[in-house]
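Trainee: Model the following, please.
(one chain, ligands or ions: 2)
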Amino acid sequence: MDLREIARHIDEHQQQGKEMDKVTLSNPSLNVEDAYQIQRMCIEEAENRGNKVIGWKMGLTSVAKQKMVGVDEPIYGRLTSEMEMDTSSLSMEGLIHPKVEPELAFILKKDLKGDHIKPRDVWMATECVLPAIEVIDSRYRNFSFTLEDVVADNASSTKFLLGDQAYSPYEKSWDQMGVTIIKNGEVQHEGVGSDVLGHPVRSVAELVNMLHKEDIGLKAGMVVLAGGFTEAVNVEEGDEVVVHYEGLCNLSMSITK
Ligand code: 0L1
Ligand code: MG
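Mentor: Ligands and ions are numbered 1, 2, ... in the order given. As a prediction, this is how the structure comes out:
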């Protein structure tokens, strides 16, 4: 099993927005460690094209989402410069079957590395918190995959939009903040911060502890998407999505051709 070859195969489908078979079909012995190596190698391909790793995301952070995809642990993925949207308009070009989900982004002011990182360590290293919408788009047919497949496909990372307004980490009890996702004027899902591993800050701490196995840490200036508050919502051309962050703001996204 040539991990680099699998990574190149996935990278090609990520770049072209093309559906593919699960990599575990042809490589049934692939384990989670192999899958994280494949993820890293895919990102090296992107870096060779001039992309930069600007942050990390946690995925499958709620029991609801884990059940939805048949996986029982959170995962992480890498965020690159080309994934960050600079307008609220999401083009369907190069996307397969995108979904969107409400998130919070933590922006770091200090490096953070270790295997016993606690919420207070994360707060000490956090400059601000931003509302965010993540766009996920699995390269696998029908969004169907095993844990190993989805890790190798960079946790379905595709695009993300950050709100313009930054908030102090001490602005509110983020675990108690309600979030509503609305598509074309209809409420799709409601969630609360505690749906993200009990508290979004716990998700960031867990990310650092998980990354330690790869001997990696977070760097000052990085963006961390802490995980979806609700199930993800399918979108297509013409859709208008609004996420309401209780007591904070609304963040919108328009889906275009
Ligand atoms: O961000 C997420 O929680 C998604 C992780 C990957 C699973 C999926 O594609 O639904
Ligand atoms: Mg997410």
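Trainee: Near the nearest residue to residue 138 once chain neighbours are set aside, how many other residues are there?
Mentor: In space, and not counting its chain neighbours, residue 138 is closest to residue 156: 4.5 Å by C-beta to C-beta, 6 or more residues apart in numbering. For the C-beta atoms, the positions are set from N, CA and C on the backbone; glycine is no exception. By other C-beta atoms under 10 Å, 25 other residues sit near residue 156.
Trainee: I'd say residue 156 and residue 150 touch.
Mentor: Yes. Counting by C-beta atoms under 8 Å, residue 156 does reach residue 150; the two are 6.3 Å apart.
Trainee: Mutual contacts of those two, please.
Mentor: Residues touching both residue 156 and residue 150 (C-beta atoms under 8 Å, 6 or more residues apart in numbering): 59, 138.
Trainee: which SSE is residue 244 in?
Mentor: Taking DSSP states H and E as the definition, residue 244 sits inside strand 240-245.
Trainee: How about that strand, which residues are buried there?
Mentor: Across strand 240-245, burial judged by 16 or more other C-beta atoms under 10 Å covers 241, 242, 243, 244, 245.
Trainee: any idea which of those residues is closest to residue 111?
Mentor: residue 245 (27.9 Å; C-beta to C-beta).
Trainee: mind listing what the nearest residue to residue 57 once chain neighbours are set aside touches?
Mentor: Nearest non-adjacent residue to residue 57, counting by C-beta to C-beta, 6+ apart: residue 225, 3.9 Å away. By C-beta under 8 Å, 6+ apart, the contact list for residue 225 reads 55, 56, 57, 58, 79, 103, 104, 105, 132, 134, 160.
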